[in-house]
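> next one to model:
(chains A, B, C, D and E)
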Amino acid sequence: MLSAIILAPLAGAVILGLFGKRMGERLIGLIACSTVAVSAALSLYLFFSHYRELEEGSRIYEYLFTWISVGSFRSDFALLLDSLSAIYIVFITFVAFWIHVFATGYMRGDTGYWRFFAYLNLFMFAMLTLVLADNFLLMFVGWEGVGLCSYLLIGYYFTRDYANDAAKKAFIVNRIGDFGFAVGVMLLFTLSGTIFYFDDPARGITGAFDWALKQPVDPFTAGAIFAGGITSIAVLLFVGATGKSAQIPLFVWLPDAMAGPTPVSALIHAATMVTAGVYMVARASSIYTHAPTAMLIVAVIGAATALFAATIGLAQWDIKKVLAYSTISQLGYMFLACGVGAFVAGIFHVFTHAFFKALLFLGSGSVIVGLHHQQDMRRMGGLKKYMPVTFLTMFVGWLAISGVPLLSGFFSKDEILYRTFVASGLPDPLPKLLWAVGALTALLTAVYMTRLMVLTFWGKERFDTHPTGDHSDHHDDVHAQHGGVPRESPRSMVLPLIVLAIGAAVAGFIGVPEGLSGGVIPNYFEHFLEPSIAHAPEPYVATAPVQAAEDHSTEIILTIVSSIIALLGIGLGWTWFNRKPLWEPPKLLEDKYYVDEVYDATVVEPVKVGSTKLLWRIIDVKIIDGAVNGAGALASKIGDIFRSLQTGLARSYVALVVLGALIIIGYFVMR
Amino acid sequence: MVPLAWYLGLSALLFTIGAVGVFIKRNAITIFLCIELMLNAVNLSLVALSSFFGDVGGQLFVFIVMTVAAAEAAVGLAIIISIFRNRESLNVDEADTLKL
Amino acid sequence: MNPNSIGIDYHAVLPEMITAVTAIIIMLFDAISRKIERRLAGAVSLIGLLAAAAAIISLFGLPVETSFRGMIIVDDFRLFFSLIFIITTILTVLISLRWVKDEDLPTGEYFSLLMFATTGMLFMASANDLVMIFLGLEITSISTYVLCGYRRRDLRSNESAVKYFILGSFSTAFLLYGIAFVYGASYNAASSPAATTNLQIIKSRIESGQLFSEPMLLAGAAMLIVGFGFKVATAPFHIWSPDVYEGAPTPVTAFLSTGSKAAAFASFCRVFILTFAVTGVARGAMETLQTTWTEALVVMAILTMTIGNLAAIVQSNIKRMLAYSSIAHAGYALIGLIALDWRAVAFYLLSYVVINIGAFAVIEVIARRGDKRTEISDYAGIGFQSLGLATALSLFLLSLAGIPLTAGFMGKLFVFKSAWAAGFKVLVIVGVINSAISWYYYLRVIVAMFFAEPAVGFKTPAVARSLVAALVLAAIGTLYLGILPGSILNALERAGSSSGEAPQVLRMQSP
Amino acid sequence: MDYILTIITLLPLVGAIALMFFGRGEKPNENALRWTALVFSLVTFFISLVLPARFNSAGGLQFETNVSWIEAFDFGARYHVGIDGLSLWLVVLTTFLVPLAILSSWNSVHFRVREFLFSILALETGMIGVFVAMDMILFYLFWEVMLVPMYFLIGVWGGERRIYAAVKFVIYTVVASLLMLAGIIALYYMHGSATGTYTFDIATITADTVTYAFLDPVAQSWLFWAFGLAFFVKVPLFPFHTWLPDAHVEAPTAGSVILAGVLLKMGTYGLMRFNLPIFPDASREWAPLVCTLAVIGIIYGALVAMVQPDMKKLVAYSSVSHLGFVVLGIFSFTEQGMQGALYQMLNHGISTGALFIIVGMIYDRRHTRQIAEFGGLANVMPVYSAFFMIVTLSSIALPLLNGFVGEFLVLVGTFSSTVLPSAKLFGALAATGMILSAVYMLWMYQRVVFGEVRNSENRTLKDLDGRERLVLVPVIALIFFMGIYPNLFLSRSDSDIKAIRARVVSGERNGRPAGILAQE
Amino acid sequence: MEQILFAVFAFIAIASALNILLQRNPLYSALSLIGTLASLSALYMMLRAQFIAAIQIIVYAGAIMVLFVFVIMLLNEPKDVPVIEKAKGLRFLAIPFAGLLIAETFYVIRTVPDIQMPPLPAQEVERAVGTTWSIGTSLFTDYLLPFEVTSVLILMAVVGAMVLARREGD
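Numbers count the residues shown, from 1 in each chain, chains lettered A, B, ... in the order given. Reported below is the predicted structural model:
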């Protein structure tokens, strides 16, 4: 059953990849959507049919075959369903299905239709493998697989150089992260002797998490990072997460990744793949909880990324870029949550974020299509009357991400901020500081999202209604018809928007913090997830598990504060950007703090130039080959010397023979 | 009585003169003469040793050396004649086309 | 007088007699019929050589015995080397048959001289007395002097002959002086004969320490090294060989670089391995002598290999290149000599002879009348125009370089193996490095033949049947010795066990 | 006695000789020649499939033939062939790649086809011989003889600087392998004088290394390097690698395929066959140095590959990088590392072989390999681009493709090694190869395949024809299969690798302290 | 007395030998060599090697040297050709090489024990070592084979000399 979930999209990918070229668009769309639908249906079925067991912490395995088995090293092709992966597959397949549906409309007329859906289905296979894997290596399969699909889909428009560059950048930056991940797995194997998550006596395997739980907690020192212990594992795995989930310092690929078609951005670069890092950290919570230093790093990086990306998001003109930075920022939140030990909150935010961010992306896609492939917000405005459904659904998304009370984003973000504030595992001023950063980010989030909405849907109509020839740069689709009055998107695109908008609005209710509702609405989410998440041993308790006796007043106060912040942000943005929609943001922000340029100058160029000039032309050609050829030349030189004895004169030969004879006779008689 | 060493010494001197002559003279025939001188120097040694030892073997060796020298002379002179026919010169320094 | 008291044993000198008589018969034919069929001369030579081979083989298995009052010895050493010489001459005759006619040279004398030279070589192997060694060496030398200058109108041939003659007879004088010294050193008033040139007696005198003068012996040995070193062309006495080989007519070069070298090695081994080396417990002056000559030859061997190979790299004439290569090969063979393993030397020389004549056979065909095309650049692009010749030459060159599956490899392996067993590890290493260097120049020819653009004006030469036969024989020999050396090695091994105590390597202080 | 290995080894040579007598005439029928060669190589391949089918996973030498060859003078050289887990798949890899090489050059070689095919088939015999030889002399024989056809392949059918490349290739290899010859002789004597049995038999010597402990550490070190240098040059390990780019660039496609696919493996195979089991102490002693060079090779090869303007040169340098992994894995002395190394050898043979075939296909069309000449091939050659993509991904070790299994095993083995000092550092540094391989391969792929068609000459390029697809499909299938179900391969070599490792790790012989063991 | 004789003949031998080197004309060199050969013959007599002394004069000086002189006369080198000398430095090697060679050989000879010539036998003086009888006896017993082989040598030399020296077209 589990394997069917991953194999259905794989089958779709294979069929489309091999035969899709000869199929019609409808058939392609049907195959692609139906395979995901199968996965989604199966996921839901499994989720509900095993709800109780999962809630109690049981794990359901499906062993397919042993993949690699060498000595003590073993990795199986085996799938694991526990509450964490169950939640994940449910919302992933759900969101993905609707994005697939959206894409059937969005990609209409594209020459590479079959290719697109083949990739998309392949992505689903990889993502589900990542989630359902029962060991780190199989997770790595999915981990790299989603990276590959991301690469293929970002570079989907392969004739465009910027898309190719973006794709390559995404893959390589991800690979840098994967490097950390792989080394982390290796270290894990070295220390624990296994890369499986959990003990499974049926297969005779031990699990790294069960091992980790038996280990003492690593000391809370900077040295622990390099000590080669659990902290090192955690940090290395987190390096992988920073790559996949676009955290400082490896976030640079995600904004560029917007070169891909918008459904891709929604599915991969907002809802699913980029949250894999969070999933992994949550999955490895038993390791992280034993590595307080790593937790600190995760929290700090998360918070810093959240704020950093939010400031950049404030200053972008490209609608998708804004959403991209927003995604980075939100991912920062999730890591902040994990870092302070609130893994459940982190996952919850992943869950809600999947809805509203996918919604926002698809909405933006709808706008882009409506405007005939215009992504620059300076050329939008006043769209709400042309695209009412898009506007309304995005409106929901806007409020949700801004944290307006009772929408999904509100609950999840709140939970994170609260948990941060009360985090006990971190040295004292830090929780408050991180909370402040989070709160500031929340404010900025509200501001830039308001800016996006205002610039897009309200105000003057700045778009060009006449056909233009200016399509050389930022167009998105091949089937673009330029100019013309914007109009609402077709049904296949609108329907997913509506579904996701509903999700974005109500998804939060399954995880209402108990302190907030006073226990009226049970926090299903947390209950369900709890068995899959590890808790740190006593002295290091990072997060206080739900305790009825706890005083909820702090939580309520903080909730009020953050609600105010959200509304304040919206208000600020509303007033400011309604007045000055085209306000020039600071150059530093618009140019993204010049991070790309700095990377280019400090890493990319030196490596390129150094490789060409030093390694190749000097070491290889001059020194090594020089030595080789030099040895040859030396031999020839010596040969020339020996040969110069050969004067051609018999008499000089005689003299040489005499000399030789003198030496030999001399040697003999001197004995 | 003349000691054996004197004969051997004289032989060594003659041998040396012959050897030196081979590489300082340029005329092919003179060089050949020097080689003959060397052979004769050796002959002297052999005869002296043979006589002092009272062993006739050395002298027979000399006999054979003389035969060899005769044969060598015949062939050597023939070679010299044949090269002279082509080069009109007996100077061995001119025959240096084969070198290096 | 009873013939047996003077040790007359015609069987023991039968091979030499056959070759000498063959030489005379050819001459007589020449005298009778001025227009002697060259084929006839060649055929007679071949018949004579085969008969001599048969005679040699008939001597196998006989007990080791001297005859003619210790002048001649019948032992396996001699027989193996003799067979090598016969093979050499057979191949040389085959590659010369057509050539003599093409060059319009006196046929009868040519083959007759070749047979005389063979007689001399055979004596060099069978000699058990310095007198016989000297005589054999002179017969070989003098006839090859003539052969070098055989193309009388060619200045290069003249020059080759005159240089070889001057240097050759000069070195003979040294050899002779060395013999005189050894003779002098062997004097022992109490024994009979008082002094001797008989190698076995000399050996026993040295071992018993009954010497007239030890320095005299050493000086004599040194001069013998000069003499033999010259003949086998080891550094620094190699100096004559490039010039002589280049100038001599190609078949003669082939003969010179193989037969006369092998013969010189035979005498060299006879004197230094079988005479000047310790076999039993008795040491006497032998220990000093053996260590001294070993040390000297080690240095010479290293020099020889290195000079030969390095100088060959920079040659542009293929004959000259092979001359240097031949110097290098003398160096490898010398390793076997130093290791006191004459069987390794014999096997090495056998393989070398077969390969090298094969190579020269191709060179002869390519060079055409008057040895005109002997530059390596003349070989440009001929590979696919004369595929057979080029392939054969490639095989021989690679074999010279020591590629496995060919005789060259087995020869080297055997020599290196012996040297290692005897403790001369440095020599093995140097030898190995030198073989690596040698690849470069052997490959150059292959590069020219197969990889370079064809040279203009190359016409595929017609190849005489006799030469094809020689090529095929050489190629088969090269491969046979390389792939299935077992039978020959077995024979050599049996030879080793039958000839009494083996000479011992004296362990030197330094490795 | 089992003659199957002899048949597999000699069948290509028989084919080669058959070619010589086949259709002699003024103008030979080129296709008939090609078919003959192809049939012979295919038959060889199919026969060789019997080996894994009948192979006993318990390991040890199998399919042995052991007959006397040279006995005189204690030579003790025998015709002894056999395979164990180490060589099993390498033999199959060889027989697999040769038909592909012949097919891939079907239309690209028109000059002297007969001789070309002769060289390839002769080369195949040599290569198989190296893997099956169980006698040092026999091994050396094949090792050296194989150079000749390769030399001709590069020299005659190569590119512009073929002469330089061919000579460099041979000289480099010969210099090193002659030292191995000295090593063989030395080993032979040391073994013989210690045991009284003079033999070149690899299995006997390997076994006696333990029983008699006849090699002291110093001798081991010397021999380690005498053998090692020959293998390191062949691998090629930095800094002995400079022959490789030249040889690859100049060689014809078939030559490059075989060179990369099989020849390089001989070096690493030799290390596992000789250096580790026979000189275990020296292997341990020198492992840090070797691993350092391997890691340098991994990074250096990748960096230099990155900036190459020539596709073939890029792939050549990438080989340096990939083979660095193999060497590292071998000298990690862990089961994972060594199994990974063995697997990586197969992977590299297939992936890099395929890359050369792919580069060759485009070279046949455009007669240039300069990356700058291309761009946008995906527009005109979609099938080609798809194949190229899969092979590229295999080369950058994407999970579920073959490259990953080997590379990861090597890394995990290295990382977790307890015998190798600072193993974690080596492992981590080597892992950067993961990043760099993505950089250079994807960058090249992008520049060649993606973008608009800029060069008008590329506009009319034909996509792959049936023959070309036929060449690539089995490779692609294997790439997937080996990535998904590696255990089929790994299980066969398991016990033999274990045995080799056990020798190196249990280092108590020769009076050496068991300190390293104690850490285990 | 004997020593004086030795000194005289030795002096003549050396002087003539040196004269070979000093003469430009090969003819004079040849004549000088004959001088040396003759004085050697005298020394042989002193060494009681009568037979060798005789053939030294008859064969060597008489036959071989005459051949030389004959050839020198035959090959009359034109006088007017410029004297070409390459490798001029060689002559400077003459003294050191000669010195070294003499030093080495003398070093060896120095070690030779001082033995006396065996006294002439009381009976059959005509059969003493060095007489024709002794030589002849040895030649046909101990040295039979070398003696026979010399004939091969001479035959070969004749063929060789003939083939090289005869005129073209013969």
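> where do the strands of the chain begin and end?
Because you didn't say which chain, this covers chain A. Under the criterion DSSP state E, chain A contains strands at A:60-70, A:73-81.
> actually chain C
Here chain C has its strands, by DSSP E, at C:65-67, C:72-74.
> give me whichever of those strands is most buried.
Sort the strands of chain C by mean neighbour count, taking mean count of other CB atoms under 10 Å in any protein chain shown, and strand C:72-74 sits at the top with a mean of 22. Any C-beta I mention is one placed from the backbone N, CA and C, and that applies to glycine too.
> so what does that strand touch, helix or strand wise?
Counting contacts by 3 or more CB pairs under 8 Å, 6 or more residues apart in numbering or on different chains; DSSP states H and E, strand C:72-74 is packed against strand C:65-67, helix C:107-126.
> export the strands of chain C to JSON lines and tack on distance to D:Leu181 and mean pLDDT?
Converted to JSON lines, the strands of chain C look like this (distance: least, CB to CB, whole Å; pLDDT from 0 to 100):
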{"stretch": "strand C:65-67", "distance to D:Leu181": "40", "mean pLDDT": "87"}
{"stretch": "strand C:72-74", "distance to D:Leu181": "36", "mean pLDDT": "91"}
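> among those strands, which is nearest C:Thr196?
Nearest of the strands of chain C to C:Thr196, taken as CB to CB: strand C:65-67 at 12.8 Å.
> direction included, what does the closest one pair up with?
Paired with strand C:65-67 in the same sheet, following DSSP bridges, are strand C:72-74 (antiparallel).
> neighbours around the residue of the stretch 201-350 of chain C found nearest chain D, how many?
Across the stretch 201-350 of chain C, no residue is closer to chain D than C:Arg343, which sits at 7.6 Å (CB to the nearest CB). As a burial measure, C:Arg343 scores 25 neighbours (other CB atoms under 10 Å in any protein chain shown).
> could you do the one 4 residues further on as well?
Counted with other CB under 10 Å, residues neighbouring C:Phe347 total 29.
> relative to A:Ala423, how far out is it?
Using CB to CB, to the nearest Å, C:Phe347 is found at 86 Å from A:Ala423.
> what's around the closest residue to D:Arg112 other than its chain neighbours, how many residues?
Nearest non-adjacent residue to D:Arg112, counting by CB to CB, 6 or more residues apart in numbering or on different chains: C:Phe384, 6.1 Å away. C:Phe384 has 14 neighbouring residues, counting by other CB under 10 Å.
> C-terminal to the helix or strand containing E:Phe51, which secondary structure element comes first?
Assigned by DSSP states H and E, E:Phe51 falls within helix E:50-55. For helix E:50-55, the following helix or strand on the C-terminal side (DSSP H and E) is helix E:65-74.
> so what's the residue of the stretch 201-350 of chain C closest to chain D up against?
For C:Arg343, the contacting residues are C:80, C:414, C:492-493, C:495-496, D:73, by CB atoms under 8 Å, 6 or more residues apart in numbering or on different chains.
> same check on A:Ile6?
A:Ile6 touches A:39, A:79, A:125, A:128-129, A:132, counting by CB under 8 Å, 6+ apart.
> likewise A:Leu452?
By CB under 8 Å, 6+ apart, the neighbours of A:Leu452 are A:319, A:322-323, A:377, A:398.
> spell out which residues of chain A are next to chain C.
With CB under 8 Å from any CB of the partner chain as the criterion, chain A meets chain C at residues A:632, A:635-636, A:638-640, A:642-643, A:645-646, A:648, A:650, A:653-654, A:656-657, A:659-661, A:664-665, A:667-669, A:671.
> now, of these, which are buried?
A:632, A:635-636, A:638-639, A:642-643, A:645-646, A:648, A:650, A:653-654, A:656-657, A:659-661, A:664-665, A:667-669 (16 or more other CB atoms under 10 Å in any protein chain shown).
> of those residues, which are in range of chain D?
Checking these against chain D (CB under 8 Å from any CB), the matches are A:Gly632.
> for chain C, what's the nearest residue on chain E?
E:Gly160 (3.5 Å).
> quick check, central residue of chain C?
Chain C has C:Ala262 as the residue nearest its centroid, 1.5 Å off, counting by CA atoms, centre = their mean.
> could you verify my assumption that it touches C:Val354?
No - if you go by CB atoms under 8 Å, C:Ala262 and C:Val354 don't touch, sitting 11.0 Å apart.
> how about the contacts made by the closest residue to A:Val298 other than its chain neighbours?
For A:Val298, ignoring the flanking residues on the chain, the nearest one in space by CB to CB, 6+ apart is A:Gly339 at 3.6 Å. Shown in contact with A:Gly339 (CB under 8 Å, 6+ apart): A:295-303.
> again, but for B:Leu14
With contact taken as CB under 8 Å, 6+ apart, B:Leu14 is in contact with B:37-38, B:40-41, B:44, E:13-14, E:17, E:36.
> who wins on neighbours among the contacts of C:Arg343?
C:Phe414 (26 neighbours).
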